[in-house]
Structure formats: structure tokens, C-alpha cells
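> can't give you the sequence, but here's the structure:
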């Protein structure tokens with residue numbers, strides 16, 4: 001049978017059309033209906049077809065205009081989705097966690113999309129929309145004429161080791177290469193202006209990155225969890241960023257954006273730096289000592305997460321907050337000197353800090369109820385609590 005035990009949930013739009021919100025069934029080949037209870041189907045909602053264990057091939061009918069993010073999340077057998085000519089959104093990030101996905105299908109005369117060697121592009125604006133998860137080649141060169149890599153376009157790809165971006169590309173979208181665990185090298189063009197948030201997050205094999213002079217924006221966590229990133233360089237002509245001692249800074253040297261995971265045991269943050277950026281030192285497992293300057297004012301979230309050898313730290317006066325997950329997983333952190341200026345400690349700031357048995361705070365400092373500790377089942381298995389003795393002064 002083609003569609004056994006099929007049923008849909010939906011919600012109505014203001015014009016009487018509907019959005020599919022959930023599908024319950026075990027179809028292998030599925031043609032989405034054009035109507036449900038007399039209501040025209042125009043949208044496929046978030047997680048609408050998530051975790052469909054048997055689904056391999058899907059045909060989206062004419063009339064559907066939008067497929068939302070993660071609409072087909074976690075479908076282990078999904079191979080193809082046929083898009084209608086009526087589709088109006090970029091469908092990027094609609095298919096995630098689908099390792100067998102071979103790609104979208106579109107008509108030859110589709111006004112919006114075209115396929116180039118199985119890769120989906122928005123031909124109207126020259127955007128690379130989706131690089132299918134099932135493609136097994138180790139290297140890919142993006143075609144000339146492309147101007148943007150869309151959000152999540154290569155996310156979680158398991159085979160790519162090297163990607164070459166041509167001249168003319170101006171933007172890499174949020175999470176574009178997130179979780180590409182085999183990716184070792186990305187060649188960035190001189191025309192690149194924007195690197196989105198989490199663009200390369202979780203690229204655990206990425207060894208080096210060269211920031212072009214034209215790049216004016218690097219989003220939060222762009223290189224977080226890049227455990228192998230040993231070489232960060234910036235074109236000397238850049239007006240926005242620079243590299244010093246292998247670390248990435250804003251041009252004015254007031255914010256440290258990313259420190260390389262290069263095996264060093266100690267680092268002195270230069271005088272004049274005011275901000276340690278989100279995830280700046282995360283995953284630097286060999287760092288035992290970091291000296292912070294008196295100029296420092298802000299430490300952003302996850303800044304020292306998973307620095308498992310860091311055993312002590314002195315925070316200078318002027319710092320008012322320890323952001324969420326700042327010292328998450330600093331298992332060797334035994335002592336930390338906190339300033340009198342400190343006002344708040346955020347959620348999970350000291351999770352899994354097994355060696356931190358005592359901490360001294362001023363009377364005014366507000367501590368999130370989940371600032372210390374960890375997942376109960378994990379701590380119970382280890383026989384630890386990770387809750388230090390807090391002394392107020």
C-alpha cells in the first residue's frame with residue numbers, strides 16, 4: 001500500500017487555507033494532499049514530518065508555498081523530496097538529520113530553483129540552498145556566480161573534507177557548515193563580507209581558517225567547538241579584524257573572538273582587551289593558565305567551556321556578570337578569584353566543575369539556581385554533586 005494508516009494534523013490560516021503541523025503514518029512513498037477537510041494546503045510546518053521512520057520519497061503538491069525549518073527532521077530513510085513550482089521560500093534547513101537524503105527534485109522550468117550536479121540553488125538570487133547529506137565526495141567547489149551560502153546549506157554533512165568558495169560570494173549564512181565533522185579546510189574568497197553565527201560550529205576537524213580583508217561581520221559562535229582549529233589568520237588589509245599570537249581579535253584589539261586550539265598551556269590576554277567573546281577559549285583542553293588584563297569588562301557565554309586543564313583564574317575588578325556556561329566542563333578548575341563588582345552568575349556557569357569546592361561571593365551577587373551542578377543522572381553515576389561551599393563576604 002502507498003499510504004497506510006495516514007492521518008494529518010493542521011492549523012488554519014486567516015484566509016481559510018491550512019498548514020500541516022504533524023503526520024502520523026508509515027508511508028514509504030508519500031504524496032502530500034492538496035486539501036484537508038476542504039482547506040487548501042499551502043504550508044508544511046516545523047517538524048511536520050519529523051522522525052518518520054519509513055519515509056523515503058515525498059511529493060509536495062502544487063499550491064504549497066512554504067516549507068518551514070526542520071519540517072523533515074530526523075527521517076532516517078528519506079531520499080528525495082519533489083518541490084512544486086508554487087514554492088516561494090528557500091526550504092533551506094527543512095531537511096536535517098536525514099543521512100540518506102539525495103536531494104530535492106524540481107522541474108526543468110522551475111522559476112525559483114535549479115539543480116547543479118544534485119545541489120539545489122536559488123537561481124533568482126544565486127544562492128546555494130542545500131547540499132544533500134548523501135553526497136559522498138570529499139571535496140566540493142561551489143560554482144562560479146554563487147553569491148551566498150544559505151543558512152544550514154551544508155550542515156551536518158559527514159563526508160566533505162574540503163570546500164572551495166569562488167570569488168563573488170559575499171555571505172556564509174548562519175550554521176551553513178555547522179556539524180561538518182570531516183571538514184578540514186574551507187577556502188574563503190576575497191569578496192566574503194559576512195560569516196554567520198555558528199557558521200562552522202562543530203567542525204571538529206577544521207584545522208585552519210583565513211579571514212579575507214572584506215569580511216566585516218563574524219557572527220556569534222562562528223567557530224565554536226572547532227577542536228582542531230590551530231591556525232586563524234586575517235588579511236592584513238582588514239579594517240575589522242586582526243590576528244595576534246594566532247588568536248582572532250577585532251581590529252581595535254578590544255574583543256578576543258577566538259583562541260586557537262594549538263596545544264599551548266598558557267596565554268596572556270593583551271592589555272586593552274575589554275571583551276572575551278562567546279566561546280573564545282572553548283575546547284582548549286591543554287590551557288592550564290590564562291591571565292586576564294585589568295581592562296577586561298565582559299566575559300561572554302561559554303568563553304572557557306571545556307577547558308579541562310584550567311586550574312585557576314583571577315577575574316579583574318569591573319566584571320559584573322559570569323554569563324551562562326562560561327566555565328562549563330572546566331573539570332580541573334580548583335580556585336577562582338571573583339571581583340567585588342560581580343553582580344550575577346548565570347545558568348550552568350560552573351556545571352561539571354568537579355574540583356571547585358569553595359567559592360567566595362559578595363553579598364549582592366545573584367546566583368542562578370542552576371549555576372552549579374550538572375545533569376542529576378550524570379552526577380549520581382559519578383557520586384558527585386559539583387555544588388561548592390559558597391562564602392558570602
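Structure received. What you are looking at is a predicted structure, and each value in this text was computed from that prediction instead of being measured.

> going by C-alpha atoms from here, please, whenever you check contacts or count neighbours.
OK.

> which residues does residue 392 bridge with?
As for beta bridges, residue 392 partners with residue 361 under DSSP bridges.

> can you give me the pLDDT of it?
For residue 392, the pLDDT comes out at 86.

> now do the contacts for it.
Taking Cα atoms under 8 Å, 6 or more residues apart in numbering, we find residue 392 in contact with 360-363.

> if any of the residues you listed are buried, give me the PyMOL selection for them.
Typed into PyMOL, the next command selects the buried ones out of the contacts of residue 392 (criterion: 16 or more other Cα atoms under 10 Å):
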select buried, resi 360+361
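
> in the stretch 1-150 of the chain, what spans have low per-residue confidence?
1-6 (pLDDT under 70).

> show me the helices in it, by range?
With DSSP state H, counting those that start in this stretch as the criterion, the stretch 1-150 of the chain has no helices.

> let me know the closest of the contacts of residue 392 to residue 60.
In terms of Cα to Cα, no member of the contacts of residue 392 lies closer to residue 60 than residue 361, at 58.3 Å.

> wait, the closest one touches residue 389, no?
No - contact criterion Cα atoms under 8 Å: residue 361 and residue 389 do not qualify, at 10.6 Å.

> now residue 293: how far from residue 319?
Residue 293 is 11 Å from residue 319, where distance means Cα to Cα, to the nearest Å.

> what's the answer for residue 146, then?
From residue 146 to residue 319 the distance is 44 Å (Cα to Cα).

> repeat for residue 361
According to Cα to Cα, residue 361 and residue 319 sit 13 Å apart.

> contacts only, for the residue lying closest to residue 147 once chain neighbours are set aside.
Once flanking residues are discounted, residue 147 sits nearest to residue 169: 3.9 Å by Cα to Cα, 6 or more residues apart in numbering. The contact partners of residue 169, by Cα under 8 Å, 6+ apart, come to 145-149, 189, 191-192.

> about what we covered before: between the contacts of residue 392, which is closest to residue 384?
Using Cα to Cα, residue 360 comes nearest to residue 384 of the contacts of residue 392, at 20.6 Å.

> which residue packs closest to that closest one, ignoring adjacent ones?
Nearest non-adjacent residue to residue 360 (Cα to Cα, 6+ apart): residue 391, at 4.6 Å.

> care to break the protein down by domain?
Structural domains annotated on the chain: 1-132, 136-232, 263-393, as defined by automatic domain parsing.

> so how far is the longest one from its chain's centroid?
Offset of domain 1-132 from its chain centre (Cα atoms, centre = their mean, to the nearest Å): 23 Å.

> on that earlier part again, next, show the common contact partners of residue 361 and residue 389.
In contact with both residue 361 and residue 389: no residue, using Cα under 8 Å, 6+ apart.

> list the buried ones in stretch 349-357?
For stretch 349-357, using 16+ other Cα under 10 Å, the buried residues are 349-356.

> columns pLDDT and distance to residue 121 on top of those, output as TSV?
Shown next, in TSV, are the buried residues of stretch 349-357 (pLDDT from 0 to 100; distance: Cα to Cα, whole Å):
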residue	pLDDT	distance to residue 121
349	95	41
350	95	44
351	95	42
352	94	44
353	94	46
354	91	49
355	93	51
356	92	51
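
> quick check: the farthest pair among those?
Within the buried residues of stretch 349-357, 349 and 355 form the most distant pair, 14.3 Å apart (Cα to Cα).
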